[in-house]
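Student: 3D, please:
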Amino acid sequence: MSYQDSQPPDYLLRLIQQVRAHYIEPPAVRKPGRQRTYSGLSFLLLAVVAVTLRTFKGLELQRLLENDAVLRRHLDFETVPHRKTIETRLSSLQAEAEAQVAALGHGIVNELALLKRRGVESAIDGRMYQARGPLWHQKQRKKGIIPIHLRNVDTESKWSKSGYR
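Tutor: All right, here's what the predicted structure looks like:
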């Protein structure tokens, strides 16, 4: 038994492998201009690392990638991205992450549908998202009044506070 075999497994790398195994490639969309150097999967995996290690600053993540070649290789970074690139891509990652969650949910529902069970199958994402557009104030919501300028309101939604942040 070699020294490497006696080492405990790296759980961060195992988590990265699990995320990679369940990643669903989004449809290719060509945008004008220079194409991205680093893939969306690489930054999604970097976001997983950031959440796991609780380090969200671009400089800290850049230094982590510079110092850990094994991690950089598992994240598919041939070179270390610039600090500003890391910050920009991580800040714009929410839409892609939501698409991944939705795709995984649809995949679960489709697999359950193949089993042809009796009953209804569904997948629920319990995370909270900040509402887009104009605000529906709580006083008006309690009275059931929808302001004139407010469109596409989910009248069944409830107010909630996330304990995460």
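Student: Domain-wise, how is this structure divided?
Tutor: In the assignment given by automatic domain parsing, the structural domains of the chain cover 7-24+36-95, 100-143.
Student: Which of the ones you listed has the lowest mean pLDDT?
Tutor: Taking the mean pLDDT of each of the domains of the chain, the lowest value is held by domain 100-143, a mean of 73.
Student: could you pull out the helices for the chain?
Tutor: 3-6, 11-22, 40-53, 58-67, 69-74, 83-91, 94-115, 138-143 (DSSP state H).
Student: list the buried ones in the fourth one?
Tutor: For helix 58-67, the neighbour count (16 or more other CB atoms under 10 Å) marks 58, 61, 62, 64, 65 as buried. Glycine gets a C-beta too; all of them are placed from N, C-alpha and C.
Student: who's in contact with the first one?
Tutor: It refers to residue 58. For residue 58, the contact set (CB atoms under 8 Å, 6 or more residues apart in numbering) comprises 83, 84, 86, 87, 90.
Student: tell me the pLDDT at the residue nearest the centre of the chain?
Tutor: In the chain, the C-alpha nearest the mean C-alpha coordinate belongs to residue 97, at 3.0 Å (CA atoms, centre = their mean). Looking at residue 97, its pLDDT reads 86.
Student: Not counting residues beside it along the chain, what's closest to it?
Tutor: residue 44 (6.5 Å; CB to CB, 6 or more residues apart in numbering).
Student: How many residues are close by that neighbour?
Tutor: 19 (other CB atoms under 10 Å).
Student: Out of the buried residues of helix 58-67, the closest to residue 113 would be?
Tutor: Nearest to residue 113, judged by CB to CB, of the buried residues of helix 58-67 is residue 61 at 39.4 Å.
Student: Please tell me how far the residue nearest to the centre of the chain sits from residue 139.
Tutor: 33 Å (CB to CB, to the nearest Å).
Student: Residue 152 now?
Tutor: Residue 152 is 20 Å from residue 139, by CB to CB.
Student: Residue 96 too?
Tutor: Applying CB to CB to residue 96 and residue 139 gives a distance of 36 Å.
Student: Check residue 105 too.
Tutor: Separation of residue 105 from residue 139 (CB to CB): 34 Å.
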